[in-house]
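Colleague: got a sequence here, can you build the structure:
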Amino acid sequence: MAPRAFAATALFACVLFSAPVIADSALDNPLPSDPAVQIGELENGVTYWLRENRTPPGKVELRLKIRAGSLNEEDSERGLAHLLEHMAFRGSKHFPGTEISRRFEKLGVTIGRDQNAYTGFEETGYTLSLPNSREETLDLALLALSDIAFRLRLDPDALAQERKIVMEERRRSIGPGERLFLQTLPIIKPGSRVAERLPIGDEKVVREAQTSDLERFYRRWYHPQNAAILLAGDVDLSLASRLIAKHFGDWVREEDLPETPYHGVRPDDRIRAAVVTDPEITWGQVRISAIQPEHTGDTERDLRDALIVDLGTEALNRRLRMLVQSGNAPFSEAYADVSVPFHDRREAIAISSGEPSRWRAMLETLAGEIHRARAHGFAEKEIDLVKQEWLVAADHDVAADSTRQSSSFVSYMSAAHSDDNKPLSAAQMRELKRKLLPGITAVEVATAFRAHFVPEQWLYLVTLPERLSKVGTEEVLALARVAHSRKPAPYEPPRLAKRFLERDPEPGDIVKSVRDDELGFTSVSFRNGVTLHTKLLKSKKDMVSIHVRIGGGVLQETPANRGITAAALTALIFPSTSTLSESEIETLADQLQIFAMGGSAGDALTIEISAPSTVIEDAFRLAHLLITRARIDPVRLRLWREGSLRSIESRTYSLDAALSKEVSDFHSGGDIRFARLEREQVEAATIESSQVWLEQVLRTGRIEAAIAGDISEDRAIALGQRYFGSLPERPGNDAALEALRRVPRREGPFETTVSVQTETPRSHGYIGWRGADADNLS
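Modeller: Sure, this is the predicted structure:
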């Protein structure tokens, strides 16, 4: 039997990954461009990318991009790019004062949601989501964007107001994250323009900036040759291009576009170490990184090289996840990545996070896994698994392309434009992956991995709470040398599962079926008390979503076991069962492109699963498995406990955490079930008691499931009958929970002041009231 099984496996691998013969010269072919994206350029240099898309119907997404951000600022201008972005909505030739906001509000455009802007290191963007695709609406939108591009009227009074808003944004950003970022950026990119040009800017420059300063920056960098308009939506592209020419065609700058200042990020050429601390963090992190020169191109060879690199980091990430899931990792999470933050620089990083007291083991283990991959490479089986997942995902992307949102198309075009790449369609990318992936070998992946993760170039950056500030760089380097000197054993891949259920259950009986023609869905009741709703959604091309609610959980908790549901939920948030481990479920789900996540809705446990229509029965099998055999993994329970205790500790100095707890306590009306967890409650939740609680809710709670997507009602009902109708019998209503849903109301008005001993010089305010949940429509 063994040789026969091997032959079948070998044949499967041969069918999927047999390498086609590709002539070396063929790899020099330039990458194609998405034929659905119309790319044009006006005589003055303004470029535009347009894509017709009818999801959602009658809507249009627009983005004006100016290839200038904080890196374009001189020392005396730090913060002007961001301040100018704010001024874009405060007066222009055709929209004086705040008229631009008022005009669009009349159309139903909401500031912040539909009308927004951003400033980065290398670009500034202005976005508009239009509620309709009428010519007059698109005409108004392009007039507004063209006014922003070259017709601003910079008013001193408006500047005084916007300066206050920008300074408030600075205050809101102050905290541990900002302090650590300011410490680490000069360490990671020493001496670079990047380290000295944060988009938020310099406080003194922002306070003293005059309209003349903004005008100089505006005229220098808001240049036709620096501008691009991206559009996707339910609109005729000839109309769109005509209106772009109408509003942007007369944009002229007499001055030549200056050369963009160089970012100044230097490649790493030696081993370095650094330790940064903050008094208000409760976690620890180890970051290993190296910046190297990068060649970017637009040929199939360049794409193949990028795929080789990504295969290696994804294979390593899978190993790191499995290590966490096995309980043998000193960190709670870890990952690796290779990115190209600037066109001529790439950055290879590996990061692990967890309990700060374990930072030494975190460093040794993370570095050790990188060394293992460098020393022994990757097994063909590991690489083939990633290839298979990518090809399945590519099929899914193609299937979903026809119902992709216009906002998503604008984002993907924007990313390609920022990287100086052509826009690739999902179908083109799938064909390229089908062509290139089979010929990539594990040896090539290992070679590329070694070239990107070079120990002699590494920066070891350790982030810790201030109480561990005695840790020094020499100790970090000594640990790094020890990790580098060890000879790791080859990696042993874990066992892979072939299916979620050993045997499919027998279908249950249907006792009632009701069709709602007005809303277009059918409700079915099974003899075991489970209710199923199903609706065909053609807008979800080749995708189906399963939503399961199991009544009970937090609602049933008492002062004696408060927090037990959160502990039990780890078995659903990180799916694990008595028959399949988290690693086995994750690997099988990844292969099938199934996404599953558990959670709590207050009065119920929830399971959300989405999957391609072609494997929807496997998604039902997974749902059945989790309902019948969910098991709390001791590793995940430990990580939940550690994370919860760190969160509780942060309340002593975190404004956000302290205020959030006070608001939660107010809305709960003193009901302990909905108050924030305390240390004693977290520590009291044992794996034994939490498992009993989980099984009780899953076995006895009322189940209501909804199936929506690209699936016929007959098919959905048949699958529901087999995988939900076969579950143990339970109540068909929530009568037993009704009394528990009543939450005491605290009489208002209620006022309180929360004092926090913090290093962060700011205050928070909260004004609110109790009301029905936003999604409670009954």
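Colleague: show me where pLDDT drops low in the chain?
Modeller: Within the chain, the ranges that satisfy pLDDT under 70 run 1-23, 771-778.
Colleague: what domains does the record give for it?
Modeller: 37-248, 272-485, 510-741 (automatic domain parsing).
Colleague: mind listing the helices for the stretch 551-700 of the chain?
Modeller: 564-568, 570-573, 582-592, 616-629, 634-650, 655-667, 679-684, 687-700 (DSSP state H, counting those that start in this stretch).
Colleague: which one of the ones you listed lies nearest to residue 515?
Modeller: Set against residue 515 and scored by C-beta to C-beta, the helices of the stretch 551-700 of the chain come closest in helix 616-629, at 21.4 Å. Heads up, the C-betas are built off the backbone N, CA and C, glycines and all.
Colleague: show me the contact partners of the closest one.
Modeller: Residues from elsewhere that reach helix 616-629 (C-beta atoms under 8 Å, 6 or more residues apart in numbering): 499-501, 504-505, 544, 546, 548, 550, 571-572, 575, 577-580, 585, 589, 592, 594, 596, 598, 607, 609-611, 698, 703, 705, 711, 715, 719-720, 722-724, 726-728.
Colleague: what is the orientation angle of that helix with helix 687-700?
Modeller: For helix 616-629 against helix 687-700, the angle by axes from the mean of the first three to the mean of the last three C-alpha atoms, to 10 degrees is 120 degrees.
Colleague: got the angle between helix 616-629 and helix 582-592?
Modeller: Using the same axes, to 10 degrees: helix 616-629 against helix 582-592 is 160 degrees.
Colleague: before we move on, back to that, export the domains of the chain to JSON lines and tack on distance to residue 24 and mean neighbour count?
Modeller: As requested, the domains of the chain are exported to JSON lines (distance: least, C-beta to C-beta, whole Å; neighbours: other C-beta atoms under 10 Å):
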{"stretch": "domain 37-248", "distance to residue 24": "30", "mean neighbour count": "18"}
{"stretch": "domain 272-485", "distance to residue 24": "9", "mean neighbour count": "19"}
{"stretch": "domain 510-741", "distance to residue 24": "32", "mean neighbour count": "18"}
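Colleague: save these as a markdown table, and put in distance to residue 756 too.
Modeller: A markdown table is the format used below for the domains of the chain (distance: least, C-beta to C-beta, whole Å):
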| stretch | distance to residue 756 |
| --- | --- |
| domain 37-248 | 12 |
| domain 272-485 | 10 |
| domain 510-741 | 5 |
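Colleague: for residue 262, which of those is the nearest?
Modeller: Using C-beta to C-beta, the nearest of the domains of the chain to residue 262 is domain 37-248, at 7.0 Å.
Colleague: about what we covered before: of the helices of the stretch 551-700 of the chain, which is nearest residue 386?
Modeller: Comparing the helices of the stretch 551-700 of the chain by C-beta to C-beta, helix 582-592 comes nearest, at 9.0 Å.
Colleague: with residue 118 as the reference, measure out to residue 411.
Modeller: Distance of residue 411 to residue 118, computed by C-beta to C-beta, to the nearest Å: 12 Å.
Colleague: could you do residue 203 as well?
Modeller: 20 Å.
Colleague: closest one to residue 510 among the helices of the stretch 551-700 of the chain?
Modeller: Ranking these by proximity to residue 510 (C-beta to C-beta) places helix 616-629 first, at 15.9 Å.
Colleague: okay, that closest one in CSV with CA atoms only?
Modeller: Output in CSV follows, covering the C-alpha atoms of helix 616-629 (Å, rounded to 0.1, in the frame of the first residue of the first chain):
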residue,chain,number,x,y,z
ILE,A,616,-18.0,25.2,0.2
GLU,A,617,-18.8,21.7,1.4
ASP,A,618,-15.4,21.6,3.1
ALA,A,619,-16.4,24.9,4.8
PHE,A,620,-19.5,23.2,6.1
ARG,A,621,-17.4,20.3,7.4
LEU,A,622,-15.2,22.7,9.3
ALA,A,623,-18.2,24.4,10.9
HIS,A,624,-19.6,21.0,11.9
LEU,A,625,-16.2,20.1,13.3
LEU,A,626,-15.8,23.2,15.4
ILE,A,627,-19.3,22.9,16.8
THR,A,628,-18.9,19.3,17.8
ARG,A,629,-15.3,18.9,18.7
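Colleague: tally of neighbours for the nearest residue to residue 422 once chain neighbours are set aside?
Modeller: Using C-beta to C-beta, 6 or more residues apart in numbering and skipping the chain neighbours, the partner closest in space to residue 422 is residue 33 (4.1 Å). Counted with other C-beta atoms under 10 Å, residues neighbouring residue 33 total 17.
Colleague: so residue 33: helix, strand or coil?
Modeller: coil (DSSP: H, G, I helix; E, B strand; the rest coil).
Colleague: then residue 65?
Modeller: strand.
Colleague: now do the helices in the stretch 301-450 of the chain.
Modeller: Going by DSSP H, counting those that start in this stretch, the stretch 301-450 of the chain shows helices at 359-376, 380-401, 406-418, 426-436, 442-452.
Colleague: if you could redo that for the stretch 51-200 of the chain, that was the one I meant.
Modeller: 80-87, 99-105, 135-150, 156-173, 176-188.
Colleague: could you dump the ones you listed to a markdown table with distance to residue 537?
Modeller: Output for the helices of the stretch 51-200 of the chain, formatted as a markdown table (distance: least, C-beta to C-beta, whole Å):
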| stretch | distance to residue 537 |
| --- | --- |
| helix 80-87 | 38 |
| helix 99-105 | 31 |
| helix 135-150 | 28 |
| helix 156-173 | 39 |
| helix 176-188 | 39 |
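Colleague: nearest to residue 260 among those would be which one?
Modeller: helix 80-87 (12.5 Å).
Colleague: who touches residue 377 in this structure?
Modeller: 442-443, 445-446, 449.
Colleague: returning to what we had before: adding distance to residue 175, write the helices of the stretch 301-450 of the chain out as TSV.
Modeller: Output for the helices of the stretch 301-450 of the chain, formatted as TSV (distance: least, C-beta to C-beta, whole Å):
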stretch	distance to residue 175
helix 359-376	22
helix 380-401	36
helix 406-418	28
helix 426-436	39
helix 442-452	33
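Colleague: for residue 76, find the nearest of those helices.
Modeller: Comparing these by C-beta to C-beta, helix 406-418 comes nearest, at 26.9 Å.
Colleague: just the angle between that closest one and helix 426-436, please?
Modeller: 50 degrees.
Colleague: start the count at 756, not 1, going forward
Modeller: From this message on, residue numbering opens at 756, which makes the last subject helix 1161-1173.
Colleague: surely residue 1127 is in contact with residue 1242?
Modeller: No - counting by C-beta atoms under 8 Å, residue 1127 stays clear of residue 1242, with 9.6 Å between them.
Colleague: returning to what we had before: looking at the contacts of residue 1132, which is nearest residue 1054?
Modeller: residue 1200 (19.7 Å).
Colleague: that closest one touches residue 1070, doesn't it?
Modeller: Yes - the criterion here is C-beta under 8 Å, and residue 1200 meets it with residue 1070 at 7.1 Å.
Colleague: so what sits against both of these two?
Modeller: 1133, 1138.
Colleague: returning to that earlier point: the helices of the stretch 1056-1205 of the chain: which one's closest to residue 808?
Modeller: Among these, helix 1161-1173 sits nearest to residue 808 (C-beta to C-beta), with 4.7 Å.
Colleague: tell me what that closest one is packed against?
Modeller: strand 802-807, strand 815-821, strand 879-885, strand 982-988 (3 or more C-beta pairs under 8 Å, 6 or more residues apart in numbering; DSSP states H and E).
Colleague: need those strands in a markdown table with distance to residue 1021, can you?
Modeller: Converted to a markdown table, these look like this (distance: least, C-beta to C-beta, whole Å):
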| stretch | distance to residue 1021 |
| --- | --- |
| strand 802-807 | 31 |
| strand 815-821 | 27 |
| strand 879-885 | 26 |
| strand 982-988 | 30 |
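Colleague: tell me the spacing between residue 1045 and residue 1236.
Modeller: 16 Å.
Colleague: now residue 800
Modeller: From residue 800 over to residue 1236 (counting by C-beta to C-beta), the distance is 53 Å.
Colleague: likewise for residue 1226?
Modeller: Going from residue 1226 to residue 1236 by C-beta to C-beta gives 16 Å.
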